[in-house]
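*Asks:* Got a predicted model here, sequence first, then my questions.
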Amino acid sequence: MRKSVPVLVAQRIALGLVLLLAVSAVIFLGVEALPGDVAQAIMGQSATEQALANFRAEHGLDQPALTRYLNWLWGILHGDLGTALSNGEDIARAVGQRLGNTLFLAFWAAVISVPLAIILGLVAARHAGRWPDRLISAVTLTTISLPEFVLGYVLLYYLGVKWQVFPPIAMVFPGMGLWERLHAVILPVLVLVLVVLAHMMRMTRAAILNVMQSAYIETAELKGLSPMSVIWGHAFPNAIAPVVNVVMLNLAYLVVGVVVVEVVFVYPGMGQYLVDHVTKRDLPVVQAVGLIFAAVYIGLNILADVISILANPRLRHPK
Amino acid sequence: MSDAASDILLDVRGLRIEATVHPPGERARDVVIVDDVSFTLARGRVLGLIGESGAGKSTIGLAAMAYGRGGVRITGGEIRLGGRDILKAGAAGLRALRGREVTYVAQSAAAAFNPARRLMDQVTEATLRHGLATREQAEARAIALFGRLGLPDPERFGERYPHQVSGGQLQRAMTAMALCPRPGLVVFDEPTTALDVTTQIDVLAAIKEAIRDTGVAALYITHDLAVVAQIADEIMVLRQGRMVEQGPTARIIGAPRREYTRALVSVRSMEHPEKPAGGQVVLDVANVSARYAGLPRDVLRDVSVAIEAGHTLAVVGESGSGKSTLARAITGLLPPSRGRIRFSGRVLSPDLAGRAREDLRELQMIYQMADVAMNPRQTVATIIGRPLEFYFGLKGGERDARVQELLDAIEMGRGFADRYPAELSGGQKQRVCIARALAAKPKLIICDEVTSALDPLVAEGILRLLLDLQAQEGVAYLFITHDIATVRAIADSIAVMHRGAVVRYGPKSRVLSPPFDDYTDLLLSSVPEMRQGWLEEVIRHRKMESAGN
């Protein structure tokens, strides 16, 4: 018996939630297992025993690990990510703004890179083995092969400093207009696009070429359709599932993998926030950011699965 | 041909087609696959192209659309369609021609329909793309064609996806797709070969009627002379890319001039006298039922059959009738849920793991796809030698001598021991599989559709070999097939299977003689006969019967 679409989707979502719970435990245990004493690290070498004990009691560090884990989870379910140890800031508030900035960057990088990668992939498949294919592959493989900080600094030097086309530092602050904001993030968006383009383009190309071997492609050609309408109308609908999976992996990367790019362009996003607090040994922040990254990653993968299920006519229209 | 020149739709002269082949371990080279083929086809007429695999019939059919699969290129001759040489049409000219003036019906409609799109979109696509009608007109025409081709609920048939309809329905939908743009010519490439025999007859009748009603001309490609005799006005016989002979259908099947055509005409008439019953029973299947895990119903229902030593039991039925499942139950791959299997006097363990090596040795199997039943990286000697080592511990010279004996037995002689499967023809591969089964000195060999993938003349050679080996070695066969002609050629007794149950069982003479049960009657009367008018007779007969009920 084949399962119906709602059942399959519900299963995927349930599985994602279980996975997220497991990840939260791993993050908590991982941070817990770090050597050294948090109180000592925050208060400094000169703190007295009494001061350390007070700090621990104040932040609940003297309670057993399981209690702290459950308290942490309970808080998260109520939107409370805890307070930062280093400056006493509410993490949820600080993260909210940072996450918004990161998502803004990721959104524009995705809006440009996903359609561009798919179109380039279709064009490459259309001219497989000939010069347009080779040119597209060579350029995108070059940009994916360069480390993103190299790409970032090279673009920053030429476009930002030497020719001064775009602002070299991606300064954003609350109250900025949309156009100002977009102008400010052009360089980091460009770097991210170049980094994720190749992977999605290659997968689109490979998936299309794989489908092009099918008998129904011959049927379409024998109807007198043009090569591009054969690819778009007959090959692409059957290549969606593998392409969607790679697209989602790259979207996840745009959110969780931007640390380096944010640091290069001094962009106030999640990556910078994470790096700052790792150096300060601010564990609640590290845990919270880790969990948010995991949630984004798992969420996008669930979305990929759901789209693949919906794209399959055998599941959508059972016999 | 007496038709006036203006009536000639397709005029092919001196056609030459080449392909680039890449033999394993050799450099790519060009080979001629069609050479010097000429024919004309008048408007509204049907020309049958017939020949075995490799004869170039599909290649010629696609050439009528100036299309070459893979590395196939048309390198010589002229193809004039409606007076225009389409080989000079250019890419845009060909796109304007394909799907408009010439359309194509593929052998496997299941593969030729796009799984991701609705049938109606695909059936009307060429009509709309060429601007031949508005969407409403095209859909109305498609619905009319669905009705004419006997598809259920024609108004709503097009809303479905390919996986939601049966193979026979898809094949008719493909015919509707080809006829929708009102082309002058349709190329039918083995349109009924992949169908069950009882389905084939309906699709064949539907295609014939549609051709007659629309007045379209057709190239009808098939390897089955009896099928083409029902539908073609003229027949061209092809062999290895060259024309053997060409003429009106009645003349080709009634008075063939060439030796090769005569062999094709008589190939299905092989007969084999039934051996008398009363010998020792080697296999006794009693009340066996079986089901696959996760499926709600039994795929074998209370099956009881027996085979005597040195005899052949043919298990015949259509796809899904449970005949291969019966083989899986007997070999222990699918343990039965009920029932008992006795083999040479002892009860067999239901599952494979519980069987003794002697049980395995005495019960061998040969498969439909000889290609995938052999390890492509082993030589023929290794393949045949393996059971000799495994069951009898033969080694070195002793083993080689026995391998050679077996090669002689399958009439392959010297020089084949060191070859790899890729270097053998389809028939030779199946012979090696037979030798491998024989090497174990079995009492029973299960032959699962062993001749279905082979050309008729090659298949006949394999059947004769199996009969000779049976006479020499006294081995019994359980012969699974969907083909009645094969059954006549080899069986001593027959079990007819339908939906998992045996509906008729007994000696060949009795099973194939009236009075018949309904299903066996349907099955037998659906096998095409090599004479014109047979199709109409059967259809008329069936209509009268259903009217009488």
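*Replies:* Done, it's in. As the structure is a computational prediction, the values presented were derived from the model and not from experiment. Residues are numbered from 1 along each chain as shown, chains lettered A, B, ... in the order given.
*Asks:* Okay, now the unreliable bits of the chain?
*Replies:* Chain wasn't specified; assuming chain A. Low-confidence segments of chain A, defined by pLDDT under 70: A:1-2.
*Asks:* think we crossed wires, I meant chain B
*Replies:* Ranges of chain B meeting pLDDT under 70: B:1-6, B:23-25, B:268, B:548-549.
*Asks:* domains of it?
*Replies:* B:46-65+B:94-269, B:281-513 (automatic domain parsing).
*Asks:* how about those domains, which one is nearest chain A?
*Replies:* Comparison of those against chain A by Cβ to the nearest Cβ identifies domain B:46-65+B:94-269 as nearest, at 3.5 Å. Heads up, the C-betas are built off the backbone N, CA and C, glycines and all.
*Asks:* which parts of the stretch 101-250 of chain A sit against chain B?
*Replies:* Selection of the stretch 101-250 of chain A residues close to chain B by Cβ under 8 Å from any Cβ of the partner chain yields A:214-216, A:218-226, A:229, A:234, A:237-238.
*Asks:* ok, 10 Å please
*Replies:* A:211, A:213-227, A:229, A:233-240 (Cβ under 10 Å from any Cβ of the partner chain).
*Asks:* Quick check: chain neighbours aside, which residue is closest to the residue most central in space within chain B?
*Replies:* Centroid-nearest residue in chain B: B:T193, 5.2 Å away (criterion: Cα atoms, centre = their mean). The shortest distance from B:T193 to any non-neighbouring residue, by Cβ to Cβ, 6 or more residues apart in numbering or on different chains, is to B:Q107 (5.6 Å).
*Asks:* surely the residue nearest to the centre of chain B meets B:Q200?
*Replies:* Yes. B:T193 is within contact range of B:Q200, at 8.3 Å (criterion: Cβ atoms under 10 Å).
*Asks:* which residues do these two both contact?
*Replies:* B:171, B:224, B:227 (Cβ atoms under 10 Å, 6 or more residues apart in numbering or on different chains).
*Asks:* Buried residues in stretch B:82-91, which are they?
*Replies:* Residues B:86-87, B:89 are the ones in stretch B:82-91 that count as buried (16 or more other Cβ atoms under 10 Å in any protein chain shown).
*Asks:* closest to chain A among the residues you listed?
*Replies:* Nearest member of the buried residues of stretch B:82-91 to chain A, counting by Cβ to the nearest Cβ, is B:A89, at 11.2 Å.
*Asks:* Ignoring the adjacent residues along the chain, who's closest to that closest one?
*Replies:* B:L97 (6.3 Å).
*Asks:* Pick out the residue closest to the middle of chain A.
*Replies:* Central residue of chain A (Cα atoms, centre = their mean): A:A252, at 2.4 Å.
*Asks:* next SSE after whatever helix or strand that residue lives in?
*Replies:* Here A:A252, judged by DSSP states H and E, is contained in helix A:240-256. Using DSSP H and E, the helix or strand that follows helix A:240-256 in sequence is helix A:259-264.
*Asks:* any idea how far that next one is from the chain center?
*Replies:* 14 Å (Cα atoms, centre = their mean, to the nearest Å).
*Asks:* so after that helix, what's the next helix or strand?
*Replies:* In N-to-C order, the element after helix A:259-264 by DSSP H and E is helix A:270-279.
*Asks:* what does that next one contact?
*Replies:* Residues contacting helix A:270-279 (Cβ under 10 Å, 6+ apart): A:84-87, A:91, A:94-95, A:97-103, A:105-106, A:255-263, A:265-266, A:282-286, A:288-290, A:292-293, A:296.
*Asks:* Narrow those to those that are buried.
*Replies:* A:84-86, A:91, A:94-95, A:98-99, A:101-103, A:105-106, A:255-263, A:265, A:282-286, A:288-290, A:292-293, A:296.
*Asks:* residue contacts, A:R202?
*Replies:* Applying Cβ under 10 Å, 6+ apart, the residues near A:R202 are A:117, A:120-121, A:124, A:136-137, A:140-141, A:144, A:246.
*Asks:* Out of those residues, which comes closest to chain B?
*Replies:* Nearest to chain B among the contacts of A:R202, with distances taken as Cβ to the nearest Cβ, is A:G121, at 17.7 Å.
*Asks:* list the contacts for the closest residue to the closest one other than its chain neighbours?
*Replies:* Using Cβ to Cβ, 6+ apart and skipping the chain neighbours, the partner closest in space to A:G121 is A:T204 (2.6 Å). Residues counted as contacts of A:T204 (Cβ under 10 Å, 6+ apart) are A:114, A:117-125, A:236, A:239-240, A:242-243, A:246-247.
*Asks:* Backbone dihedrals for A:T204, please?
*Replies:* Recorded main-chain torsions at A:T204 are phi -60, psi -50, according to degrees, to the nearest 10.
*Asks:* picking that back up, so how many other residues sit close to the residue nearest to B:T193?
*Replies:* Per other Cβ atoms under 10 Å in any protein chain shown, the neighbour tally for B:Q107 reads 21.
*Asks:* so is it in a helix, a strand, or just coil?
*Replies:* With DSSP: H, G, I helix; E, B strand; the rest coil as the basis, B:Q107 sits in coil.
*Asks:* I figured it was touching A:A215, is that so?
*Replies:* Yes. The criterion here is Cβ under 10 Å, and B:Q107 meets it with A:A215 at 8.9 Å.
*Asks:* count of residues packed around A:N54?
*Replies:* Look at A:N54: counted by other Cβ under 10 Å, it has 14 neighbours.
*Asks:* OK, contacts around it?
*Replies:* A:39, A:43, A:47-48.
*Asks:* what helix or strand does it sit in?
*Replies:* Here A:N54, judged by DSSP H and E, is contained in helix A:49-58.
*Asks:* what does B:V502 give?
*Replies:* Counting by DSSP H and E, B:V502 is found in strand B:501-507.
*Asks:* Show me what from the stretch 151-300 of chain B comes close to chain A.
*Replies:* Residues of the stretch 151-300 of chain B lying near chain A (Cβ under 10 Å from any Cβ): B:159-165, B:174, B:177-178, B:181, B:187, B:294-296.
*Asks:* Point out the ones among those that are inside strands.
*Replies:* Among those, the residues falling in strands (DSSP state E) are B:V187.
*Asks:* For ChimeraX, write the selection for the buried entries among the residues of the stretch 151-300 of chain B next to chain A.
*Replies:* Buried residues within those, by 16+ other Cβ under 10 Å, are selected in ChimeraX with:
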select /B:160,161,162,164,165,174,177,178,181,187
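*Asks:* which one of the residues of the stretch 151-300 of chain B next to chain A sits closest to B:G51?
*Replies:* B:V187 (15.3 Å; Cβ to Cβ).
*Asks:* Which strand residues bridge that closest one?
*Replies:* Going by DSSP bridges, B:V187 is paired in beta bridges with B:Y104, B:L219.
*Asks:* got a list of what it touches?
*Replies:* With Cβ under 10 Å, 6+ apart, B:V187 has these contacts: A:222, B:10, B:49, B:58, B:60-65, B:67, B:102-106, B:178, B:218-221.
*Asks:* and with 7 Å instead?
*Replies:* B:61, B:64-65, B:102, B:104-105, B:219 (Cβ atoms under 7 Å, 6 or more residues apart in numbering or on different chains).
*Asks:* again, but for A:L197
*Replies:* A:113, A:116-117, A:140, A:143.
*Asks:* Could you say whether it sits in a helix, a strand or coil?
*Replies:* Under three-state DSSP, A:L197 comes out as helix.
*Asks:* Which helix or which strand is home to B:M120?
*Replies:* helix B:119-129.
*Asks:* So which other helices or strands are in contact with that helix?
*Replies:* In terms of contacts (3 or more Cβ pairs under 7 Å, 6 or more residues apart in numbering or on different chains; DSSP states H and E), helix B:119-129 is packed against helix B:135-148, helix B:167-179.
*Asks:* Any part of the first one near chain A?
*Replies:* No. Under the criterion of Cβ under 7 Å from any Cβ of the partner chain, chain A is not reached by helix B:135-148; the shortest gap measures 12.8 Å.
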